[in-house]
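[1] make a model of this:
(2 chains)
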Amino acid sequence: MKRILINRIVQFLVILLIASFLLFAVTEFSPGNVAAKILGPYALDSQVRMLTGRLHLDDPLLTRYLRWLATLTGLLPNQLGGDATGLGLTDPRGAQYFGNFGFSLMQGRPIVDVLADRFAHTVTLAVWAIGLTIPISLALGVLAGTTAGSWIDRTITVITVTLTSLPEFVVSVALIFVFSASLGWLPGTSPLAQGDRWSEASQLVLPVAVLVIASSAYVTRIVRSSVVDTLARPFVRTARLKGLSPLRVTFFHVLRNALIAPITVILLQINWILTGVVVVEAIFAYPGIGRLMLEAALFGDLYLIQALTLISLTVAIATQFLGDLAYVLLDPRIRVA
Amino acid sequence: MMTPLAGTAKHDRHRKRARRLGRILFRSGSVSVALNILLFWAVVAVAAPLLSPYDPTTIDFTASLDPSPSAAHWLGTDATGRDLLSRIIWGARTTFLVVPLSVLSAFAVGGVAGMVSAWFGGWTDTIIGRAGDVMLAFPALIVYIILITSFGPSMWNIVLAVTLAYAPGVARLMRAQVLSIKSLEYVLAARAAGEGPLYIMFVEILPNVGTPLIVDLCLRTGYAVILVGTLGFLGLGLPPPTPDWGGMVVEGVNLLTLYPHISLFPAAAVTSVVIACNLLADGLRGLRR
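    Numbering: from 1, shown residues only, chains lettered A, B, ... in the order given. Predicted coordinates for the structure are as follows:
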C-alpha cells in the first residue's frame, strides 16, 4: 500500500514536471517572440534585442526552462521587475518568492495579485457546481439504475442523453433566454459588482446551473450503468435471498460496490468543469480565473497564460492522481495486493 | 477455424453481421435519424455556394433595422444585417472542414501510436504509454490556448490541439483492441509466413479492430463539434468574417430579449450535429453484440 502511494506521488510529480516543460517550451518557443510580447506591438528592433539580452532569452531552451522553474519556486530572482528593464513593473514582495509567476503584461501588476482578486470567485463557482453535481447525479443514477427498464429509467436516460449533447454555451444561451430575457427572474450577467440590483446569490444561479447540467448528466449515466452492473452480481442475489429489505440491499450492498467506478469519473469531471468554467465565466462576465484566462489568451499576456495554464494542469493532474488513489483505497482487491 | 466447414461458418457469420448492420442502419430509428442529419449538413456544407440565397458577408442595411425572419430573409438577419440562413449554410462548411480534419488526424496519430505500442510492447509500449499519460492531463481548450500564445489562432492549430488532446485516448483504446487480436491465429499465420510488422499491423490487424473504435470516433466527433463551436463562441476560433456557428451564437447574446433568433438558430445547428453524433455512437454500440 505504501509502495503504491509513493509510486503514485513520484508519478504525479514527474508528469507535472514534463507537462510544465511542454507548456514552457511552446509558450516561449521563440526568444524574439517573448521579448516582442513583453514590449508590445510598437517596440523597436533595438529594444527587442536589448530585452532579449537582458533576460538571457538567447540561452538554450532547457537552460531557460530551468531558470523559469527556479524563479517560480523562489530560488532565483525575477529579472523582469525593478528599474533595470525600464518597464515600470514592480513587485512589493521583492523579486524572489515561491509562486513568482512574473508580471501580467495586460495589467502591469504581479500575477499573484491579479490571481488573488479572481481566484476565490472561481472556487465559489466550482464548489457549488461540484457540490450540487454529486448528490444530484448520485440520486438520479441510483434511481435509474435500480428501476432499469421502467419509465422512470427511460425518462432519466432520454433527458441525460440529450443534455450531454448540449455544449455549455448553448445551455447558457438557452437559460439566459428563458430565465433572464423572457421571464426576467434572474440576471443574464454576473459581474458581482458592488451595488448591483441583483444579489450576489442570484447572480450565481445561472452560471452554477450551466455547470451542473453539463456535468451531472454525464455522471448520472455512469452511476446508472455501474448500479445496473452491480445489481447483476451474485452477492446481491445472496443478500436478497437472505431476506434483507430491498432498501438495505441497495444502500449497504449495491452502493458500496457500485460507486467505485463513478468516483474516478466524478474526479475527472473536475477537469470538465475547468473547461466549462472558462466558457461560463466568459458568457456571464463572471470575474473568475476562467475569464481571466480568456482575456489573457486574447491579449497574448504571456506570463499570465503560463500561470493560469500551469494552475489548471496542476489541478487536472492532481485530480487524476486522486482518482487513481480513490480507486485503490476503495477496492480491497487492489488495496491489499 | 481450421475445420473443413470454416468457409461456410465464416460466410454465415459475415452474413449475420451484415444483416445486423443493415438492421441497425436502416431499421433503428435513432441511427437513421442521425445519419440523415449528418448527411443533410454534409450536403449543405458541400453545396454552400449553390444553396445560400445571399453572400454570407454582404450587409443588408434595410434588413438590419428589423432583423426578424421575413420573406426576403427566411431566418432573418444578424444585428449587422447579414442573412442568417446563408451564414448558417456557410458555417456548416467551417464545421464540416475543421472537425473531420481534426478527428481524423487524432485517430491517425493515436491509432498508429496504440498499434505500435501493442505490437512491439516492452520499452516502446512504456514510452508511448507515459507520453500519453502526460498528454491526457491537457484539456483541448488549454492546449489550444497554449498553442495560440506562440503561433496565433488558425485552423491548423485547432487541428493540432484536437490531435494532441484526443490522440492519447484513441491510443489506449487501440492498444487494448490490438492486444486482444495480436495472438489470434490469423496474425500468427501472417507472422509465420514472414510478413513484416507494418504489413501485419495495417493489413491484418487494422481492419479487425472494429466497433469500439468506430463508436469512439462518433463520440469524439461530437466533442470536437462542441470544441470548435466553443472556440468560435469565445472568439478564439477562425478570424471574424468566416461564418462559424459558435461565433454566430455569441453575436446575438446581447439581443436575446429582442431578437432571440440570431443566437438560437445557430445554437440549434450546432446541437443537431452533436446529437446526431451521439445517437450514431449509441446505435453502433449495438453492433458489438
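
[2] contacts and neighbour counts: CA atoms only from here.
    Noted.

[3] skip the chain neighbours and tell me the closest residue to the residue nearest the centre of chain B.
    With distances taken as C-alpha atoms, centre = their mean, the residue of chain B nearest its centroid is residue B:221 (2.3 Å). Spatial nearest neighbour of residue B:221, excluding adjacent residues (C-alpha to C-alpha, 6 or more residues apart in numbering or on different chains): residue B:103 at 6.2 Å.

[4] so which helix or strand takes in the one you found?
    helix B:84-120 (DSSP states H and E).

[5] quick one: buried residues of that helix?
    By neighbour count on 16 or more other C-alpha atoms under 10 Å in any protein chain shown, the buried set for helix B:84-120 is B:84-96, B:98-99, B:101-119.

[6] next SSE after that helix?
    That would be, after helix B:84-120 and using DSSP H and E, helix B:122-136.

[7] buried residues in the helix or strand following that following helix?
    Going down the chain from helix B:122-136, the next helix or strand is helix B:140-151, by DSSP H and E. Across helix B:140-151, burial judged by 16+ other C-alpha under 10 Å covers B:140-150.

[8] ok, which of those also contact chain A?
    B:141-142, B:145-150 (C-alpha under 8 Å from any C-alpha of the partner chain).

[9] for chain B, which residue gets nearest to chain A?
    Nearest to chain A in chain B, going by C-alpha to the nearest C-alpha, is residue B:257, at a distance of 4.7 Å.

[10] hang on, that residue in a strand?
    No. Membership of residue B:257 in a strand is not supported by DSSP: H, G, I helix; E, B strand; the rest coil, which gives coil.

[11] residue A:165: what's it in contact with?
    Residue A:165 makes contacts with B:222, B:271, B:274-275, B:278, as judged by C-alpha atoms under 8 Å, 6 or more residues apart in numbering or on different chains.

[12] between those, which is nearest residue B:180?
    residue B:278 (26.3 Å; C-alpha to C-alpha).

[13] count of neighbours near the closest one?
    26 (other C-alpha atoms under 10 Å in any protein chain shown).

[14] so it makes contact with residue B:222?
    Yes. With contact defined as C-alpha atoms under 8 Å, residue B:278 reaches residue B:222; the gap is 6.6 Å.

[15] returning to that earlier point: need the ones next to chain A among the buried residues of helix B:140-151 in a markdown table (columns: pLDDT and distance to residue A:120).
    Shown next, in a markdown table, are these (pLDDT from 0 to 100; distance: C-alpha to C-alpha, whole Å):
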| residue | pLDDT | distance to residue A:120 |
| --- | --- | --- |
| B:141 | 87 | 22 |
| B:142 | 87 | 21 |
| B:145 | 88 | 23 |
| B:146 | 87 | 24 |
| B:147 | 87 | 27 |
| B:148 | 85 | 27 |
| B:149 | 81 | 26 |
| B:150 | 80 | 29 |
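
[16] which two among those are spaced furthest apart?
    Greatest spatial distance in those: B:141 and B:150, 15.1 Å, computed using C-alpha to C-alpha.

[17] low-confidence regions, the stretch 51-200 of chain B specifically.
    B:63-65, B:71, B:73, B:81 (pLDDT under 70).

[18] now the element after the longest helix along chain A, going C-ward?
    The helix that spans the most residues within chain A, counting by DSSP state H, is helix A:111-146. Sequence-wise, the next helix or strand downstream of helix A:111-146 (DSSP H and E) is helix A:151-164.

[19] output that next one as CSV, nothing but the C-alphas.
    Output of helix A:151-164 as CSV, limited to C-alpha atoms (Å, rounded to 0.1, in the frame of the first residue of the first chain):
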residue,chain,number,x,y,z
TRP,A,151,-40.5,4.5,-17.4
ILE,A,152,-38.5,6.4,-14.7
ASP,A,153,-35.3,4.9,-16.1
ARG,A,154,-36.2,5.7,-19.7
THR,A,155,-37.2,9.3,-18.8
ILE,A,156,-33.9,9.9,-17.0
THR,A,157,-31.9,8.3,-19.8
VAL,A,158,-33.5,10.3,-22.5
ILE,A,159,-33.0,13.6,-20.6
THR,A,160,-29.4,12.8,-19.7
VAL,A,161,-28.5,11.7,-23.3
THR,A,162,-29.9,14.9,-24.6
LEU,A,163,-28.2,17.1,-22.1
THR,A,164,-24.8,15.5,-22.7
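
[20] which strands and helices sit next to that helix?
    Applying 3 or more C-alpha pairs under 8 Å, 6 or more residues apart in numbering or on different chains; DSSP states H and E, we find helix A:151-164 packed against helix A:111-146, helix A:200-231.

[21] of the contacts of residue A:165, list those near chain A.
    Among the contacts of residue A:165, chain A is touched by B:222, B:271, B:274-275, B:278 when using C-alpha under 8 Å from any C-alpha.

[22] all helices for chain B, in order.
    Under DSSP H, chain B gives helices at B:6-22, B:29-46, B:48-51, B:61-65, B:84-120, B:122-136, B:140-151, B:155-182, B:185-192, B:197-199, B:211-234, B:245-252, B:261-284.

[23] got the CA positions of the third one in PDB?
    If I follow you right, that is helix B:48-51. Extracted in PDB, the C-alpha atoms of helix B:48-51 (Å, rounded to 0.1, in the frame of the first residue of the first chain):
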ATOM      1  CA  ALA B  48     -23.000  26.000 -49.800                       C
ATOM      2  CA  PRO B  49     -22.300  28.300 -52.800                       C
ATOM      3  CA  LEU B  50     -25.400  26.900 -54.600                       C
ATOM      4  CA  LEU B  51     -27.800  26.800 -51.700                       C
END
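
[24] what comes into contact with that helix?
    For helix B:48-51, the external contacting residues (C-alpha under 8 Å, 6+ apart) are B:44, B:89-90, B:93.

[25] how far does that helix sit from its chain's centre?
    In terms of C-alpha atoms, centre = their mean, to the nearest Å, the gap separating the centre of helix B:48-51 from the centre of its chain is 23 Å.

[26] what does the fifth one give?
    Distance of helix B:84-120 from its chain centroid, counting by C-alpha atoms, centre = their mean, is 5 Å.

[27] which neighbouring elements make contact with that helix?
    By 3+ C-alpha pairs under 8 Å, 6+ apart, helix B:84-120 packs against helix B:29-46, helix B:48-51, helix B:122-136, helix B:155-182, helix B:211-234, helix B:245-252, helix B:261-284.

[28] ok, 7 Å please
    Packing partners of helix B:84-120 (3 or more C-alpha pairs under 7 Å, 6 or more residues apart in numbering or on different chains; DSSP states H and E): helix B:29-46, helix B:122-136, helix B:155-182, helix B:211-234.

[29] let me know the angle separating the last one from helix B:245-252.
    Okay, so that is helix B:211-234. Angle, helix B:211-234 to helix B:245-252, by axes from the mean of the first three to the mean of the last three C-alpha atoms, to 10 degrees: 30 degrees.

[30] what's the closest non-adjacent residue to residue 160?
    If you meant another chain, say so; for now it's chain A. Excluding the flanking residues, the one nearest residue A:160 by C-alpha to C-alpha, 6+ apart is residue A:217, at 4.6 Å.

[31] looking at chain B here, not the other one
    Among residues not flanking residue B:160 along the chain, residue B:102 sits closest, at 7.2 Å (C-alpha to C-alpha, 6+ apart).

[32] would you check that the one you found makes contact with residue B:161?
    No. Counting by C-alpha atoms under 7 Å, residue B:102 does not reach residue B:161; the two are 8.3 Å apart.

[33] burial measure for the closest residue to residue B:132 other than its chain neighbours, as a count.
    Leaving aside its sequence neighbours, residue B:132 sits nearest to residue B:168 (C-alpha to C-alpha, 6+ apart; 4.8 Å). Applying other C-alpha under 10 Å, we find 28 residues neighbouring residue B:168.

[34] try residue A:25
    17.

[35] next one: residue B:163
    A count of nearby residues for residue B:163, using other C-alpha under 10 Å, gives 24.

[36] re the thing from before, widest-spaced pair of the contacts of residue A:165?
    Farthest apart among the contacts of residue A:165 by C-alpha to C-alpha are B:271 and B:278. That separation is 10.6 Å.
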